[in-house]
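Just a sequence and a predicted model for now, questions to come.
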Amino acid sequence: MKNLVFGLFVLGLTNLGFSQTINNENNEVKLEAVEISGYNLNYLEEVEEPDVSDNVSSLEKEAASFDVKSLDEFDGRKELYTVKFIGTNGFLLADYDWNGKIVKTTERYRNISLPKNLIKSVLNEYPQSQFLKVVYNVNYDVQKEVEKTYRIKIMNNGKNRNLKISSDHNFNNVITMN
């Protein structure tokens with residue numbers, strides 16, 4: 001019996017020994033160089049919304065990561081250089097300075113999905129409404145506060161209503177235009 005227990009003990013230690021062996025093969029993975037520009041991070045921090053449509057955020061990220069200096073037409077003068085980014089649901093006009101920093105944007109997106117909290121607020125105020133049209137506008141300027149507004153057209157009780165909701169998604173700031 002002693003031999004059997006001793007044999008199982010040695011066999012157990014042998015298995016542990018094999019699990020501790022080190023594989024000396026080096027598997028190298030080469031990553032592509034990624035350049036992160038800090039110039040337009042401020043722009044992204046100002047305009048990004050947590051629940052905004054993917055179409056909007058992808059176009060804003062594209063504008064922020066765009067290297068305007070790589071364009072042949074860009075001559076580095078002190079005047080602003082305007083680039084238009086076109087997405088599936090809207091556009092973004094970005095003015096870049098001579099360093100490649102975004103100074104001003106005008107953005108307009110149509111028929112995007114609304115953030116859930118905004119849908120809930122509208123339906124609380126206007127129950128059983130149908131959403132007919134959504135336009136999201138963003139105006140960014142380095143020297144001013146960012147303006148973000150949703151213009152929503154709904155049908156409620158057979159009447160069309162036009163709502164304008166400010167960027168803070170506070171439904172108290174709704175302007176109803178008939």
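Received, thanks. Numbering: from 1, shown residues only.

Counting neighbours, what do you get for residue 132?
Neighbour count of residue 132, defined by other CB atoms under 10 Å: 13. The C-beta positions use only the backbone N, C-alpha and C, and glycine is treated the same way.

In three-state terms, how would the spatially closest residue to it that is not a sequence neighbour be classified?
Distances taken as CB to CB, 6 or more residues apart in numbering put residue 153 closest to residue 132, at 4.4 Å, once the chain neighbours are dropped. Secondary structure assignment for residue 153 (DSSP: H, G, I helix; E, B strand; the rest coil): strand.

Okay, and the beta partners of residue 153?
Residue 153 has these beta-bridge partners by DSSP bridges: residue 133, residue 162.

so it touches residue 133, yeah?
Yes: assessed by CB atoms under 8 Å, residue 153 is found in contact with residue 133 at 3.9 Å.

between these two, which one's more packed in?
Between residue 153 and residue 133, residue 153 has the larger neighbour count (other CB under 10 Å), namely 15 against 12.

Tell me who's in contact with the more buried one.
Applying CB atoms under 8 Å, 6 or more residues apart in numbering, we find residue 153 in contact with 131, 132, 133, 134, 160, 161, 162, 163.

If we use 7 Å, what do you get?
Neighbouring residues of residue 153 by CB atoms under 7 Å, 6 or more residues apart in numbering: 132, 133, 160, 162.

Please determine how far the third one is located from residue 129.
Going back to what we said before, that points to residue 160. 10 Å (CB to CB, to the nearest Å).
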